[in-house]
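Colleague: could you look at this predicted model? Sequence included:
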Amino acid sequence: ERARQEKEKAERARRRGRRARGPTMASLEELVARTQEVVGALVRKPKMSGKLLARPPFRFLHDTVMALDARGGLVQELFGEDERDSSTITDKDAKVAFLNKLIAFAGICAGAPISVRASKVVAGAEPENTNLLLIALGEAAADESIDYGAAARAALAGEAPGSVPRRGAAGGSAAAAAEGKADEPAGQGDRGAGGDEAKGADDEADAEAEEARRAKEREREKRRQAKEKREKERRAAEAAEAEATASASAEGEAKQAEGEAAAAEAKKGEPADAQGSIDMSSVDGEVATTIEMYESLVRKPKMTEKLLSKPPFRYLHDVMSGLNGATGLLEGLFEGEELDSRQCSTKELKLGYLQKLVTFAAVCAGIEPPAKPSRIVAGHEADNTNRLLQVLAILAKNGNMGAMPAAKAVERVTNRETNSAAAAEAVPAGRSQNRETVEVRDRDGEEQGEQRAARRNDRQAAEGKGADDEPSSPAARGEEAKIHDLDRSGTGEDEAASSGGVDGPR
């Protein structure tokens, strides 16, 4: 029996030496060709291409092993369900653990250790040894006499490669072992005790290996649970954000509806002949048209195509501030935090500012609201935002020729219109002068001028001179000077009334 064991040990050592010399004797090209021949005959996908086999990545190796397993259950008992999915094996430690199991399994199926290190395979180094591993797995998959389950259990238990486990050979081996034990001489009891000690050491080593394996599995399960927890938290955050966005959008739409109702009410309350008195045919929503309209109105900020293609709120606020500073169109429309773009930082403040602006444009021009505040804040519908800017530019250039004067529109929007009748009776300053008062004064000036001219002609006729003759006496010249002064004063009043002085429009 001892002679037989020593002979088997020498045979195993000889085979290990031959396999160890394999990588140095065969070139990478030869090993790649051999891998394609052995493994390529068993699996169709993944394809055994020379480029992949020259430096096999982990995903390629995993897919190849799973394809061999699908053919005949090669590693059915070696890997768990989570290890069969390559997407769950992402970190280096998990990859190395997978490959260590695979290398031990291949060595047991081949009857000799495979000269390959898992860390080198993960790093893409030593492709010759990686191809040797694939060749050993392909040969094991082709040999259906191997007991893959027994080989997997031996690999998980940490047993060293030895005799190849065969299907149906377990019972025969056990009978031979029992027969040998029965024929053992009595004097070999000491050797039996030594064998029991060696067996105990092996069992202890197996227990340690099993405990290490279980610890790795517990660690892997802990990482999986942590990943699931992070995923749940991410989904909850996304749901909360979506809910907040929907709420803000609904609030913006409600404000927009209120603005549209106010604009419709203002348009309904105005006389028919006063509405639509400004030509809005040039409003087309084009960026070039907006730039052209604001060239003579606003110097800063600069109107550029890039900014107007998707106008941010800060830019729109600065443009409106420049427009109000140049024309006074929006005087009194905004107050408090709305006057400073840096303080309008929340979405509610931005929507409130834009809602006032859109409603003012609709009320003052007597048109439908040209844009929606919620879409402007979101950066959508840039053409409608440009339409709003164009309507405001036309209102700024045409003064109070809209469906409603700017000041009254501001009061309507801000709900501060208190005593419009008393304000209409008072004598306003500047460009808010009533047109009927100007026309009455123009007619009075014309009548006074005609009367003065008639008096001058009568006086000249009485003295016997024409209207164009020079007066001969000093008294006559003095009288003519007085008439000239009266004419000049009357002309001055007419000019003041027509040029928009204190009592007339601009």
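Modeller: Now that the structure is in, tell me what you want to look at.

Colleague: show me where the stretch 101-250 of the chain has helices.
Modeller: With DSSP state H, counting those that start in this stretch as the criterion, the stretch 101-250 of the chain has helices at 118-123, 127-142, 148-156, 170-182, 189-269.

Colleague: what helices and strands are in contact with the third one?
Modeller: Counting contacts by 3 or more CB pairs under 8 Å, 6 or more residues apart in numbering; DSSP states H and E, helix 148-156 is packed against helix 92-110, helix 189-269. In this view, the C-beta of every residue, glycine as well, is placed from N, C-alpha and C.

Colleague: can we see that at 10 Å?
Modeller: Applying 3 or more CB pairs under 10 Å, 6 or more residues apart in numbering; DSSP states H and E, we find helix 148-156 packed against helix 92-110, helix 127-142, helix 189-269.

Colleague: and Glu6, which of the ones you listed is closest to it?
Modeller: Checking those against Glu6 by CB to CB gives helix 189-269 as the closest, at 14.4 Å.

Colleague: give the rounded mean pLDDT of that closest one.
Modeller: The predicted model assigns helix 189-269 a mean pLDDT of 74.

Colleague: neighbouring contacts of the helix or strand following it?
Modeller: Sequence-wise, the next helix or strand downstream of helix 189-269 (DSSP states H and E) is helix 287-294. Taking contacts as CB atoms under 10 Å, 6 or more residues apart in numbering, the residues outside helix 287-294 that touch it are 282-284, 286, 301-309, 311, 319, 322-323, 326, 382-383, 385-394, 396-397.

Colleague: of those, just the buried ones, ChimeraX syntax please.
Modeller: Per 16 or more other CB atoms under 10 Å, the buried members of those correspond to this ChimeraX selection:
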select :283,301,303,308,311,319,322,323,382,385,386,387,388,389,390,391,392,393,394,396
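
Colleague: spatially nearest residue to Met66 (excluding sequence neighbours)?
Modeller: Nearest residue to Met66, sequence neighbours excluded (CB to CB, 6 or more residues apart in numbering): Arg84, at 6.4 Å.

Colleague: burial of that neighbour, as a residue count?
Modeller: Arg84 has 15 neighbouring residues, counting by other CB atoms under 10 Å.

Colleague: where does the stretch 301-450 of the chain dip in pLDDT?
Modeller: 399-400, 416-449 (pLDDT under 70).

Colleague: rerun that using 80 as the cut-off
Modeller: Low-confidence segments of the stretch 301-450 of the chain (pLDDT under 80): 399-403, 415-450.

Colleague: all helices for it, in order.
Modeller: Shown for the stretch 301-450 of the chain, the helices assigned by DSSP H, counting those that start in this stretch span residues 305-309, 313-327, 347-365, 373-377, 382-397, 406-414, 420-425, 435-462.

Colleague: ok, back up a step: of the helices and strands packed on helix 148-156, which is nearest Ala33?
Modeller: Closest among the helices and strands packed on helix 148-156, using CB to CB: helix 127-142, at 9.5 Å.

Colleague: how about that closest one: buried residues?
Modeller: Of the residues in helix 127-142, 127-141 count as buried by neighbour count, 16+ other CB under 10 Å.

Colleague: circling back to that earlier point, just so I know, which of the helices and strands packed on helix 148-156 lies nearest Leu52?
Modeller: Leu52 sits nearest to helix 127-142 of all those, at 10.0 Å, using CB to CB.

Colleague: so how far is that closest one off the chain centroid?
Modeller: 47 Å (CA atoms, centre = their mean, to the nearest Å).

Colleague: could you export that helix as CSV, CA atoms only?
Modeller: C-alpha atoms of helix 127-142 as CSV (Å, rounded to 0.1, in the frame of the first residue of the first chain):
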residue,chain,number,x,y,z
PRO,A,127,-2.6,36.4,-20.1
GLU,A,128,-0.8,33.1,-20.8
ASN,A,129,-1.8,31.7,-17.4
THR,A,130,-5.3,33.0,-17.9
ASN,A,131,-5.6,31.1,-21.1
LEU,A,132,-4.3,27.9,-19.4
LEU,A,133,-7.2,28.4,-16.9
LEU,A,134,-9.7,28.6,-19.7
ILE,A,135,-8.2,25.5,-21.4
ALA,A,136,-8.5,23.5,-18.2
LEU,A,137,-12.1,24.6,-17.7
GLY,A,138,-12.9,23.7,-21.4
GLU,A,139,-11.3,20.3,-21.0
ALA,A,140,-13.2,19.7,-17.8
ALA,A,141,-16.5,20.7,-19.4
ALA,A,142,-15.8,18.3,-22.3
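
Colleague: any idea of the mean pLDDT for that helix?
Modeller: 91.

Colleague: next: stretch 101-120.
Modeller: pLDDT averaged over stretch 101-120 gives 90.

Colleague: end to end on it, go ahead and measure it.
Modeller: One end of stretch 101-120 to the other measures 15 Å (CA to CA, to the nearest Å).

Colleague: in it, what counts as buried?
Modeller: Buried residues in stretch 101-120, counted by 16+ other CB under 10 Å: 101-118.

Colleague: what does stretch 328-335 give?
Modeller: 329-330, 333-334.

Colleague: need the helices and strands packed on helix 148-156 in TSV with distance to Asn457, can you?
Modeller: Converted to TSV, these look like this (distance: least, CB to CB, whole Å):
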stretch	distance to Asn457
helix 92-110	115
helix 127-142	122
helix 189-269	53
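
Colleague: quick one: closest of the ones you listed to Gly40.
Modeller: helix 127-142 (8.5 Å).

Colleague: angle of that closest one against helix 92-110?
Modeller: Taking axes from the mean of the first three to the mean of the last three CA atoms, to 10 degrees, one finds helix 127-142 and helix 92-110 inclined to each other by 50 degrees.

Colleague: helices or strands next to helix 127-142 in the packing?
Modeller: Short answer (3+ CB pairs under 10 Å, 6+ apart): helix 127-142 packs on helix 22-25, helix 28-38, helix 50-54, helix 58-72, helix 92-110, helix 118-123, helix 148-156.

Colleague: what about 8 Å?
Modeller: For helix 127-142, the packing partners by 3+ CB pairs under 8 Å, 6+ apart come out as helix 22-25, helix 28-38, helix 50-54, helix 58-72, helix 92-110, helix 118-123.

Colleague: what comes up buried for the fourth one?
Modeller: For helix 58-72, the neighbour count (16+ other CB under 10 Å) marks 58, 60-62, 64-69 as buried.

Colleague: near Glu231, how many residues? Count them for me, please.
Modeller: 10.
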